[in-house]
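>>> coords below, sequence missing:
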């Protein structure tokens, strides 16, 4: 087994969280290596590629060359097919994640990060004074470790975390790129209801031209072998018959509370590995970028005379908790209520919204109409707001 | 014990994320640690592409002498 040179910081996982963490640490003068098990990190893209400008651009400058479409409206389709369209005034885009990851990886290299693709780290252990990340053939030592492994979050378990997701805390997803004339431009469409995806929904995000990213997530506790793929293909067949389908891939999205603690001794969890996903929207990029940037910078600043002062790393969790942590926990509570919504409730809700006068959506009136028939949901919402 | 159909596997890691006994490792594809696998079947249920199959312990044992 070869032991290569020692790095200040090892980052495991070359998704957005890992890349940004490595870049920020390197910019502050640390020696950083970044591992990804794939030869070509960032491919295939397992993502709907939707981003909100505010959260995204607070970490990474949005390069206009990445933008595939600008989202100007959101459309919700209820189980019975009642449509609610809401204009979207917040800057939202569908971006080319492959391009983005290539560019931010270049930035990492320019910042001095040693990027090591095609290396699977299968264990991380602590020795006196250093952490050792080992692949099947080599060992890499570092002062601290940032785990950005994504939904697997397996190495964290070797270091004492319980990151195994319960079936009710994960979406099993399938997605594809669809080319069809019926794709609605500049719109994100969400199809709700148990017939589409139990405990989840189908999404169709316009990606320029006649192309859309189409995907769905089924709550793990409602999932069966291969169910997401089957449901996705039958959805595409019925809504976009004869469509050109490419990039059919799958993935898992954490749908539970972010992991506490995020820091143990010299190890930090970022992005999906820390279960940092908004459980209502399924969005994870902004959280991943923020956590990566924060963890990378704090790790770099925790070095004194070449050694990492572990107690200083805890500042990362404090910053995450106050910036996005509470919002994420709220999204878990809302998700848990939404999982209980019946198809008839969602239809009644959609009817109440469409009946309200155009442009004057009186939230109170919508709630009275919808909840009058479903007092149980009202009870749950009251509990949430308490 | 769990059997992986490598042709159906997309190497997404979802099964690794739910495995309660840390029996699955993803490198180029999924490998199963038979010592750790308890046969709970959560990974089989969760796989979006249906690439995992539960193989009863007796069947595996019965096959081995002839393998």
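Arrived safely. As the structure is a computational prediction, the values presented were derived from the model and not from experiment.
>>> can you map out the helices along the chain?
As the question left the chain open, I've gone with chain A. Here chain A has its helices, by DSSP state H, at A:16-27, A:53-57, A:97-110, A:155-158, A:227-239, A:285-301, A:310-313, A:315-320, A:326-339, A:343-355, A:363-372, A:375-385.
>>> not quite, I wanted chain B
In chain order, chain B shows helices spanning B:14-18, B:42-46, B:57-63, with DSSP H as the criterion.
>>> coming back round to it: quick one: closest of the helices of chain A to chain B.
Go through the helices of chain A one by one with Cβ to the nearest Cβ and the one that ends up closest to chain B is helix A:227-239, at 4.0 Å. Backbone N, C-alpha and C define where each C-beta goes, glycine included.
>>> Okay, buried residues for the closest one please.
Within helix A:227-239, the residues that qualify as buried by neighbour count (16 or more other Cβ atoms under 10 Å in any protein chain shown) are A:227, A:228, A:229, A:231, A:232, A:235, A:236, A:239.
>>> Next, give me the two most distant ones among those.
Spatially, the most separated pair among the buried residues of helix A:227-239 is A:227 and A:239, at 18.1 Å (Cβ to Cβ).
>>> dump the residue contacts of the residue positioned nearest the centre of chain A.
Taking Cα atoms, centre = their mean, the centroid of chain A lies closest to residue A:284, which sits 2.4 Å from it. Going by Cβ atoms under 8 Å, 6 or more residues apart in numbering or on different chains, residue A:284 touches A:253, A:271, A:272, A:276, A:277, A:278.
>>> what's near enough to touch residue 51?
Reading this off chain A. By Cβ under 8 Å, 6+ apart, the contact list for residue A:51 reads A:62, A:92, A:93, A:94, A:95, A:283, A:285, A:286.
>>> please go with chain B instead
A:226, B:4, B:5, B:6, B:8, B:9, B:10, B:30.
>>> Report the buried members of those residues.
When burial is judged by neighbour count using 16+ other Cβ under 10 Å, the buried members of these are A:226, B:4, B:9, B:10, B:30.
>>> Same list, the buried residues of helix A:227-239, but as TSV with distance to residue A:331 please.
Output for those, formatted as TSV (distance: Cβ to Cβ, whole Å):
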residue	distance to residue A:331
A:227	24
A:228	21
A:229	26
A:231	23
A:232	24
A:235	25
A:236	28
A:239	27
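>>> Can you report how many residues lie near the closest residue to chain A within chain B?
For chain B, the residue positioned closest to chain A under Cβ to the nearest Cβ is residue B:50, at a distance of 2.3 Å. A total of 19 residues lie near residue B:50 under the criterion other Cβ atoms under 10 Å in any protein chain shown.
>>> try residue A:257
By other Cβ under 10 Å, neighbour count at residue A:257 equals 16.
>>> try the one 3 residues further on
Under the neighbour criterion other Cβ under 10 Å, residue A:260 is assigned a count of 13.
>>> partners of the spatially closest residue to residue B:12 that is not a sequence neighbour in the sheet?
If you skip the residues right next to it in sequence, residue B:12 has residue A:251 as its closest partner in space, 4.4 Å away by Cβ to Cβ, 6 or more residues apart in numbering or on different chains. In this structure, residue A:251 has beta-bridge partners residue A:173, where bridges are defined by DSSP bridges.
>>> Quick check: residue A:251 touching residue A:170?
No - when contacts are counted by Cβ atoms under 8 Å, residue A:251 is not listed as touching residue A:170 (10.2 Å).
>>> Neighbour count: the two, which is higher?
When residue A:251 and residue A:170 are compared on other Cβ under 10 Å, the one with more neighbours turns out to be residue A:170, at 28 against 25.
>>> Name the nearest residue to that one, sequence neighbours excluded.
Excluding its sequence neighbours, the residue lying closest to residue A:170 (Cβ to Cβ, 6+ apart) is residue A:220, at 4.3 Å.
>>> In contact with the one you found: list those residues for me.
For residue A:220, the contacting residues are A:165-172, A:252, B:18, B:42, B:45-46, by Cβ under 8 Å, 6+ apart.
>>> can you tell me which residues contact the residue in the stretch 101-250 of chain A that chain B sits nearest to?
Nearest residue of the stretch 101-250 of chain A to chain B: residue A:226, at 2.3 Å (Cβ to the nearest Cβ). By Cβ under 8 Å, 6+ apart, the contact list for residue A:226 reads B:47, B:48, B:49, B:50, B:51.
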